[in-house]
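Enquirer: The sequence and its predicted three-dimensional model are supplied below.
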Number of protein chains: 2
Amino acid sequence: MPKRYHIVFAHPEPRSLNGFLRDRAIAGLQEQGHVVTQSDLYATRFKATADGEDFPSRDLTDERLIYHRESGVAQAEGKQREDIATEQARLLAADAIILQFPLWWFSMPAILKGWVDRVFATGFAIGVPKDGTGQWLRYGEGLLAGRRAMLAVTTGGREAQFGARGIHGPIDDLLFPINHGILHYVGLEVVAPWVAFQSTRLTEQAADDLADDYVQRLLSIFDTPPIGYRSENGGDYDERQVLRPDIRAGTGFAAHIGQSDGN
Amino acid sequence: MPKRYHIVFAHPEPRSLNGFLRDRAIAGLQEQGHVVTQSDLYATRFKATADGEDFPSRDLTDERLIYHRESGVAQAEGKQREDIATEQARLLAADAIILQFPLWWFSMPAILKGWVDRVFATGFAIGVPKDGTGQWLRYGEGLLAGRRAMLAVTTGGREAQFGARGIHGPIDDLLFPINHGILHYVGLEVVAPWVAFQSTRLTEQAADDLADDYVQRLLSIFDTPPIGYRSENGGDYDERQVLRPDIRAGTGFAAHIGQSDGN
């Protein structure tokens, strides 16, 4: 059954390995009948900085800017800037959302972080009330629920450096603030990231194999069980959003993966 | 003895709590005779996106852009853009470097991430060879070694949510990619972050107390022992940059804090 994939692409050079992988992903998905849309943030010179200019109708002599509040006003009144509204519509139309980027300083390039800061607006991705409960739609619930999400990341570093005792720290922990704190937060079903290590030293054949692997991961995304992040309102957290004592899952990031049956 | 503090400030509104804290920090440090410089990224409309325009003398019809390589060429030839060169000079002139920002999506606002992406150039912060050893000056060594660094972060979230079993994940783990992966990476001596929770709901008195606390943390920064992150070339890591088997420190982020005596 054809699905809609949306790729958010954040690399400055289309002739890079990342550009090659992106092109192969699109072709490989389309070959199987899927629909692919794309936000090429560099090509469209996406505005990276969340600031007062995101609210052109705001009175600048007015009170101080509280960005997240102003973002909620624009969202509620249907007055988001066109670039923000366009991105939101693309996300809502997708069945799977892919963020593809080179790992810069163990996180996203600024242009992609700015995409998150601006597009994941109040009333769209954050600050969405769960009707009548006093709770929020977040961490497993939200307007984007029911869609798959995956990070597709390249890094020049070696896999061992990102292992359990590698110097950079485990890749899953480095990506937790994005996978859990952004994608799961807004209700997306996050599958394990696709990561290409030592991406600066690939032969043509290795790049080709890598692209095949990437396409396969994308094609199987709906058959891949999501990372089992707990839901905020699923019963595992107390009223302070702390894991309940009977959830015997230890501490740290890994404690937030589990079943809602007490483990 | 007077010291030089440099504050990198990333909030869009000077009349915000962050602006208030920044102003109080500057005043409090100056009162004690210290010199304070500042990079107000929003006020100066700092360019957030690392792209080909960072290299105006590059032939655009030339080969594909490899940003980190071009960054190294510009650094070696003294041709960094003025905004980048200015920031580097400020960092080199400082005894303590403070990154002050609101926590947006569990990380830095895009404008600050872009400051890192662009200013921490190849040959300045990354890709600096350790003469004659085949090793790199990084993770504890580098051109910025000998300087203190601290994150100063505000968040609307409650402290319990950022605790050992809080839903967001432990704050120290969330900030590890910055503290370890950026600040320690470039050789800075990183002290524990100063974090203000529930920053959107403060009374005037509470904001005042918070500012006093912030100033005290800044004043004592040189008497505060840095987080004991291990040095890449200090003997704890093998040639793959993986912790040696005799380092009995477990796995994950915390394993990279310790002494070079086998613990």
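Expert: Good, I have the coordinates.

Enquirer: And for residue A:59, the neighbour number?
Expert: Residues near residue A:59, counting by other CB atoms under 10 Å in any protein chain shown, number 7. All C-beta atoms are positioned from the backbone trio N, CA, C, and that covers glycine.

Enquirer: ok so it is a strand residue?
Expert: No. Per DSSP: H, G, I helix; E, B strand; the rest coil, residue A:59 lies outside any strand segment and is coil.

Enquirer: Can you classify residue A:149 by secondary structure?
Expert: Residue A:149 ends up strand, using three-state DSSP.

Enquirer: That one: neighbouring residues, count only.
Expert: A total of 26 residues lie near residue A:149 under the criterion other CB under 10 Å.

Enquirer: What's the separation between the closest residue to it other than its chain neighbours and residue A:151?
Expert: Spatial nearest neighbour of residue A:149, chain neighbours left out: residue A:188 (3.8 Å); criterion: CB to CB, 6 or more residues apart in numbering or on different chains. For residue A:188, the distance to residue A:151 equals 11 Å [CB to CB, to the nearest Å].

Enquirer: what about the two, which has more around it?
Expert: Remark: of residue A:188 and residue A:151, residue A:188 carries more neighbours, 25 against 22, as counted by other CB under 10 Å.

Enquirer: In contact with that one, which residues?
Expert: A:97, A:142, A:144-145, A:147-149 (CB atoms under 8 Å, 6 or more residues apart in numbering or on different chains).

Enquirer: Ok, residue A:75 next?
Expert: Residues near residue A:75 by CB under 8 Å, 6+ apart: A:121-124.

Enquirer: repeat for residue A:221
Expert: By CB under 8 Å, 6+ apart, residue A:221 lies in contact with A:96, A:148, A:150, A:191.

Enquirer: between the residues you listed, which has the most around it?
Expert: Most neighbours among the contacts of residue A:221, by other CB under 10 Å: residue A:150, with 25 neighbours.

Enquirer: Please verify my assumption that that residue contacts residue A:179.
Expert: No. Checked against CB atoms under 8 Å, the pair residue A:150 and residue A:179 is beyond contact range at 9.2 Å.

Enquirer: overlap in contacts of these two?
Expert: Shared contacts of residue A:150 and residue A:179, defined by CB under 8 Å, 6+ apart, are found at A:190, A:193.

Enquirer: where does chain A have low pLDDT?
Expert: Chain A contains residues with pLDDT under 70 at A:60-62, A:259-263.

Enquirer: in stretch A:148-167, what's buried?
Expert: Neighbour-count burial for stretch A:148-167 flags A:148-155, A:157-158, A:160-163, A:165-167 (criterion: 16 or more other CB atoms under 10 Å in any protein chain shown).

Enquirer: just the strands in the stretch 1-150 of chain A please.
Expert: Under the criterion DSSP state E, counting those that start in this stretch, the stretch 1-150 of chain A carries strands at the ranges A:4-9, A:35-40, A:96-102, A:129-130, A:135-136, A:148-154.

Enquirer: any chance of those strands in a markdown table, with distance to residue B:232 too?
Expert: Below are the strands of the stretch 1-150 of chain A laid out as a markdown table (distance: least, CB to CB, whole Å):
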| stretch | distance to residue B:232 |
| --- | --- |
| strand A:4-9 | 32 |
| strand A:35-40 | 36 |
| strand A:96-102 | 22 |
| strand A:129-130 | 47 |
| strand A:135-136 | 42 |
| strand A:148-154 | 22 |
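
Enquirer: where does the stretch 1-150 of chain A come near chain B, residue by residue?
Expert: Residues of the stretch 1-150 of chain A lying close to chain B by CB under 8 Å from any CB of the partner chain are A:12-13, A:15-16, A:42, A:45, A:48-52, A:64-67, A:104-111, A:113-114, A:116-117, A:120, A:139.

Enquirer: out of the residues you listed, which are inside helices?
Expert: Judged by DSSP state H, helices contain the following of the residues of the stretch 1-150 of chain A next to chain B: A:67, A:110-111, A:113-114, A:116-117.

Enquirer: Taking the residues you listed, tell me the two that lie furthest apart.
Expert: Farthest pair in these (CB to CB) is A:67 and A:111. Separation: 17.9 Å.

Enquirer: which of these two has more neighbours?
Expert: Neighbour tally, residue A:67 and residue A:111, criterion other CB under 10 Å: the higher count belongs to residue A:111, 27 against 23.

Enquirer: if I read this right, that one contacts residue A:49, doesn't it?
Expert: No. Residue A:111 is beyond contact range of residue A:49, at 9.8 Å (criterion: CB under 8 Å).

Enquirer: Common neighbours of these two, please.
Expert: Counting by CB under 8 Å, 6+ apart, the residues touching both residue A:111 and residue A:49 are B:48, B:110, B:114.
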